[in-house]
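Participant: have a look; sequence and predicted model below, questions after that.
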Amino acid sequence: MSKKGSEAFLKRLLIIPARGGSKRIPGKNLIDVCGSPIIRYPIETAITSGLFDEIVVSSDSDEILSFANKVGNITISKRPDNLSGDFSNIFSTLKYEYLLKNKNGFEFSEIWLLSATACLIGKSDLVSASNAFRNLGSSKAMLAVTEYEVPVQWAMSLDQNNKLKTRDFASFRNRSQDLEKFYHDAGCLAIFSPEVFNLYNDGVPDGSFDPYILDRNKAIDIDNYQDLNLVRALMAYKKSLI
């Protein structure tokens, strides 16, 4: 049996990147959501899942690292300045943290990414993703995605005269369920085999990811205050069910 297929040989490293320099929502990774800094939720979910041999919070912010260190039994890692700018590549951060562990003699069969703002992801989602990745067998990478709310074929833009221009006018003759489905990065979860970080420098190439399809209500990437307010409402509802 392969190492990936045998639970006895699996060792999982989870990395939670949490950069401190968010511009659109200052202090986003520590912003309050239902009474707690948002980063607390994914850390606690990861811990209670029991899946991970090590959980690393990687940040350029001493404030974030100080808070994360108080949440539970995790590792904090101060990332270098070249991985902390506005245009920093998350894959490069994951590779840095993985290779740092590897250099210090630690080996892992799976390297996970979980967003610092993924408060809507639950333990069952992580367990389900883990099972899906193992069942794929030869997969090198799996990315959480969610379906677009409406068919992308119905997308419109504004032309030079500020008039609506459709992407595919003929598609409006079709019912939505008859059109090809498209997905986008959920922005919260990915799983990699270690060889990915030896093969690629800047990211996994197009066509190499296997999909893990998430419910849309768990895949809200917080880019603005409207997203944040929606996440707060969904999180409040989730807590009301407990």
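Facilitator: Sure thing, it's come through.
Participant: which of the three states applies to the residue of the chain most remote from its centre?
Facilitator: Most distant residue from the mean C-alpha position of the chain: residue 161, 38.7 Å away (CA atoms, centre = their mean). Here residue 161 takes the coil state, with states given by DSSP: H, G, I helix; E, B strand; the rest coil.
Participant: any idea how far it is from residue 155?
Facilitator: 18 Å (CB to CB, to the nearest Å). Any C-beta I mention is one placed from the backbone N, CA and C, and that applies to glycine too.
Participant: ditto for residue 133
Facilitator: 31 Å.
Participant: of the two, who's got more company?
Facilitator: residue 133 (22 against 14; other CB atoms under 10 Å).
Participant: middle-most residue in this structure, spatially?
Facilitator: With distances taken as CA atoms, centre = their mean, residue 188 lies nearest the centre of the chain, 2.1 Å away.
Participant: residues contacting the helix or strand encompassing that one, please?
Facilitator: Assigned by DSSP states H and E, residue 188 falls within strand 183-192. Surrounding strand 183-192, the residues in contact under the criterion CB atoms under 8 Å, 6 or more residues apart in numbering are 94, 110-115, 117-118, 121, 125-126, 129-130, 133, 140-148, 204, 209, 211-214, 218-219, 221.
Participant: swap in stretch 45-57?
Facilitator: Outside stretch 45-57, the residues that reach it (CB under 8 Å, 6+ apart) are 11-16, 18, 39, 43, 64-65, 68-69, 71-77, 97, 101, 106, 108, 112, 114, 116, 118, 121-123, 126-127, 130.
Participant: out of these, which are buried?
Facilitator: Restricting these to buried positions leaves 12-16, 18, 39, 43, 64-65, 68, 71, 74-77, 97, 101, 108, 112, 114, 116, 118, 121-122, 126, 130, with burial counted as 16 or more other CB atoms under 10 Å.
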